[in-house]
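Peer 1: how does the following fold in three dimensions:
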Amino acid sequence: MGQAWPEVFYRFLTSPSFDDEAVVTIVKSMVEHAQHLMKWPTTANWLTMETNGLMHVGVLFPEFREAEDWRKTAIERMYVELDKQVYPDGAQIELATGYHQVSLNNFVGLWKIAHVNDIEMPRDYVAKLQKMYDYNLNASMPNGYLPGLNDAGNTNIRGSLKQAHEYFPERKDYQWMATNGKEGTKPEVGSIALPFSGHIIMRTGWDPDDLYMLFDAGPFGYGHQHEDALSIVLYAYGKYMLVDPGNYPYDSSDWRKYVLSTRAHNTVMVDGCEQHRRGRPRERYVLEKPMAIKWASNENCDYAKSVYADNYASDNSIKVRHRRSVFFVKPEYWIVVDTMTPADRQSHKYDGMFHLDMSGATIDERTKSVSTTDAKGANLTIFPMADGGLKVRVASGEKEPMVQGWIREGAYGCRPIPTPIFSKEQSGVTRMAYVLYPTPEGKKCPIVKLEPVALEGADGVGLAIDLGGGRVDYYVECDSDYASVKFGDYTATGQVTYIRTENGRVTSSIRMGGRIDELSNTPVRHKF
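Peer 2: Alright, predicted model coming up:
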């Protein structure tokens with residue numbers, strides 16, 4: 001009722017084929033629909049659709065005795081939902097980038113029908129919409145799309161921000177995004193942590209060739225969820241490279257099961273089993289305060305860390321804690337560190353997966369690295385910490401023993417994509433680390449080798465990244481907040497140390513000493 005039916009009804013009203021019986025039947029059904037919605041409201045994006053519809057019936061058919069109650073109830077419900085189903089960081093609680101737009105459009109739809117009919121609305125109703133538009137802007141890739149998280153496809157937000165600029169004309173960054181940079185002012189926001197959604201955005205800027213990563217470090221979501229904790233997506237040099245599988249029609253096919261699964265996302269599986277957060281009361285999926293996500297950022301680097309601790313397998317019988325951290329060496333590459341801690345002393349197999357929307361990928365057997373092979377545009381190299389026991393293969397278009405290495409194409413189609421899977425099997429605490437290095441068209445990844453570095457004094461991960469030409473970058477991440485460790489000729493203090501050397505001489509260093517703060521209740525742009 002908030003979408004097609006009023007339009008259809010009024011367009012056909014003057015048609016001679018639209019006789020009195022048809023008119024009465026349809027209007028009667030609209031009244032019954034409004035009466036039903038008054039008694040049986042649902043939740044989340046469904047409720048915004050229903051409430052927008054209830055408002056339309058109440059406004060467009062004021063001759064009915066109940067119309068005033070319908071309008072009043074619709075306004076009251078929707079006003080409450082502006083806070084109830086939208087987090088302080090602007091994300092809709094389902095954490096599906098497409099359904100964020102569904103709720104936003106229905107919030108706006110109710111406002112519009114009220115506004116053009118001179119129906120009084122709460123004074124701050126439109127103001128409350130701004131944080132939802134901000135989410136669209138803050139999480140957008142440089143190409144103007146949101147990645148398709150949870151049950152969503154990649155979502156163009158330029159139209160949304162054009163609408164936002166109409167309501168907030170002072171926001172020239174909305175205008176810039178809506179017009180693809182032709183008008184307005186380029187957004188000032190850079191890397192930003194959204195504490196309730198747990199969406200951590202690391203970026204170098206807003207031009208097509210800028211680099212971007214979204215780290216999904218937050219909760220499951222209220223609805224339309226995928227088992228994708230700690231997944232990452234990556235855009236660089238004009239190309240969405242490391243991708244989320246997005247949505248698939250709501251059927252019972254293997255493709256639908258695949259997009260919901262952990263194995264379809266850029267995270268870790270344990271013993272061939274998925275994460276498992278389903279089956280709990282929905283209310284438990286909505287946060288009252290942010291998760292314990294670590295975040296630090298400045299002009300040289302970004303760092304984020306989060307934990308998945310809800311276990312694996314459909315019965316949650318595989319009790320393994322997965323901690324992932326991401327360090328962005330601006331403006332070049334990312335370091336991803338996975339630490340898996342089992343509750344038992346048994347050996348477990350860990351698979352780190354990377355879904356690449358590229359034409360192909362090859363394995364360097366010497367370094368275990370994987371490089372994409374697109375003839376045009378940018379490419380990506382994934383360099384693993386190739387210590388003992390690491391194996392790698394590239395899956396693509398597999399159906400047995402399970403669906404792996406696909407992405408949706410068209411309404412009911414899928415196409416193969418190269419999916420590197422790095423595997424390691426051992427007992428106790430297991431660490432896997434990678435460098436993700438994107439390169440523009442015509443350039444090759446400069447990394448010669450990536451080697452583990454022995455740490456003295458604390459547990460953690462040490463990496464020596466040889467970029468050729470005498471440059472070696474060192475990265476150390478300790479398990480302890482206040483660690484002091486030695487590695488080679490250097491000393492690291494605190495949680496994270498990054499050192500760049502040229503021909504053995506230190507040219508720059510970054511140390512995150514002491515305790516890196518957890519996220520507070522508001523979006524954090526820069527924090528160190």
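Peer 1: for residue 215, which non-adjacent residue is spatially closest?
Peer 2: Nearest in space to residue 215, with sequence neighbours left out and distances taken as CB to CB, 6 or more residues apart in numbering, is residue 200 at 4.1 Å. No exception for glycine: its C-beta is placed from N, CA and C like everyone else's.
Peer 1: any idea what the one you found is bridged to?
Peer 2: Note on residue 200: beta-bridge partners residue 193, residue 215, judged by DSSP bridges.
Peer 1: neighbours of it, how many?
Peer 2: 31 (other CB atoms under 10 Å).
Peer 1: kindly report the same for residue 169.
Peer 2: Applying other CB under 10 Å, we find 10 other residues in the vicinity of residue 169.
Peer 1: same check on residue 325?
Peer 2: Counted with other CB under 10 Å, residue 325 comes out at 24.
Peer 1: so who does it touch?
Peer 2: 294, 303, 304, 305, 336, 337, 477 (CB atoms under 8 Å, 6 or more residues apart in numbering).
Peer 1: could these go into a markdown table alongside secondary structure and distance to residue 220?
Peer 2: Shown next, in a markdown table, are these (DSSP: H, G, I helix; E, B strand; the rest coil; distance: CB to CB, whole Å):
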| residue | secondary structure | distance to residue 220 |
| --- | --- | --- |
| 294 | strand | 20 |
| 303 | strand | 24 |
| 304 | strand | 18 |
| 305 | strand | 19 |
| 336 | strand | 21 |
| 337 | strand | 23 |
| 477 | strand | 26 |
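Peer 1: can you pick out the most distant pair from the residues you listed?
Peer 2: Largest separation among the contacts of residue 325 by CB to CB: 294 and 336, giving 14.5 Å.
Peer 1: low pLDDT regions in this structure?
Peer 2: For the chain, the stretches flagged by pLDDT under 70 are 514-515, 522, 524-528.
Peer 1: could you redo the last one with a cut-off of 50?
Peer 2: 526-528 (pLDDT under 50).
Peer 1: show me it divided up by domain.
Peer 2: Domain ranges of the chain: 1-185, 194-446, per automatic domain parsing.
Peer 1: to residue 454, which of the ones you listed lies closest?
Peer 2: Of these, nearest to residue 454 by CB to CB is domain 194-446, at 10.8 Å.
Peer 1: is it true that the residue nearest to residue 215 touches residue 328?
Peer 2: No: with contacts counted by CB atoms under 8 Å, residue 200 stays clear of residue 328, the gap being 9.9 Å.
Peer 1: report the set of residues contacting both of those two.
Peer 2: Residues touching both residue 200 and residue 328 by CB under 8 Å, 6+ apart: residue 302.
Peer 1: helices along the protein, start to end?
Peer 2: For the chain, the helices defined by DSSP state H cover 4-12, 20-39, 44-60, 67-84, 97-116, 125-139, 158-167, 172-178, 254-260.
Peer 1: off-centre distance for the third one?
Peer 2: Read it as helix 44-60. Chain-centre distance of helix 44-60: 28 Å, with CA atoms, centre = their mean, to the nearest Å.
Peer 1: may I see the buried residues of it?
Peer 2: 44-45, 47-60 (16 or more other CB atoms under 10 Å).
Peer 1: one more: the fifth one?
Peer 2: The neighbour-count criterion (16+ other CB under 10 Å) identifies 97-111, 113-114 as the buried residues of helix 97-116.
Peer 1: Throw the helices of the chain into CSV and include distance to residue 377, thanks.
Peer 2: Listed next are those as CSV, based on distance: least, CB to CB, whole Å:
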stretch, distance to residue 377
helix 4-12, 39
helix 20-39, 49
helix 44-60, 35
helix 67-84, 41
helix 97-116, 24
helix 125-139, 23
helix 158-167, 22
helix 172-178, 23
helix 254-260, 25
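Peer 1: which among those is found nearest to residue 271?
Peer 2: Closest of the helices of the chain to residue 271 is helix 254-260, at 18.6 Å (criterion: CB to CB).
Peer 1: which strands or helices does the closest one pack on?
Peer 2: Packing partners of helix 254-260 (3 or more CB pairs under 8 Å, 6 or more residues apart in numbering; DSSP states H and E): strand 406-409.
Peer 1: contacts for the strand it packs on?
Peer 2: 153, 243, 245-248, 255, 258-259, 264, 355, 357, 397, 414-417.
Peer 1: ok, of the residues you listed, which come out buried?
Peer 2: Applying 16+ other CB under 10 Å to those flags 153, 243, 245-248, 255, 258-259, 264, 355, 357, 414, 417 as buried.
Peer 1: which of these fall within strands?
Peer 2: Mapping those onto strands (DSSP state E) picks out residue 414.
Peer 1: let me know the closest of the buried ones among the contacts of strand 406-409 to residue 342.
Peer 2: Residue 342 lies nearest to residue 264 out of those, by CB to CB, at 23.6 Å.
Peer 1: which residues does residue 509 bridge with?
Peer 2: Going by DSSP bridges, residue 509 is paired in beta bridges with residue 499.
Peer 1: correction: residue 431
Peer 2: residue 339.
Peer 1: same check on the one 5 residues further on?
Peer 2: Assessed by DSSP bridges, residue 436 has beta-bridge partners residue 334, residue 382.
Peer 1: for burial, what's the neighbour tally of it?
Peer 2: 22.
Peer 1: pretty sure it contacts residue 334?
Peer 2: Yes: in terms of CB under 8 Å, residue 436 counts as a neighbour of residue 334; the distance is 4.5 Å.
Peer 1: pull the contacting residues for the spatially closest residue to residue 1 that is not a sequence neighbour.
Peer 2: With sequence-adjacent residues excluded and distances taken as CB to CB, 6+ apart, residue 1 is closest to residue 53, at 3.1 Å. Applying CB under 8 Å, 6+ apart to residue 53 gives the contacts 1, 2, 3, 33, 34, 37.
Peer 1: just to revisit the earlier point, what residues are shared contacts of residue 436 and residue 334?
Peer 2: Shared between the contact lists of residue 436 and residue 334 (criterion: CB under 8 Å, 6+ apart) are residues residue 234.
Peer 1: what's the closest non-adjacent residue to residue 412?
Peer 2: residue 249 (6.3 Å).
Peer 1: equivalent analysis for residue 216, please.
Peer 2: Nearest-residue entry for residue 216: residue 231, 4.8 Å, with adjacent residues in sequence omitted and distances by CB to CB, 6+ apart.
Peer 1: ditto for residue 500
Peer 2: Nearest residue to residue 500, sequence neighbours excluded (CB to CB, 6+ apart): residue 508, at 4.7 Å.
Peer 1: separation between the one you found and residue 497?
Peer 2: 12 Å (CB to CB, to the nearest Å).
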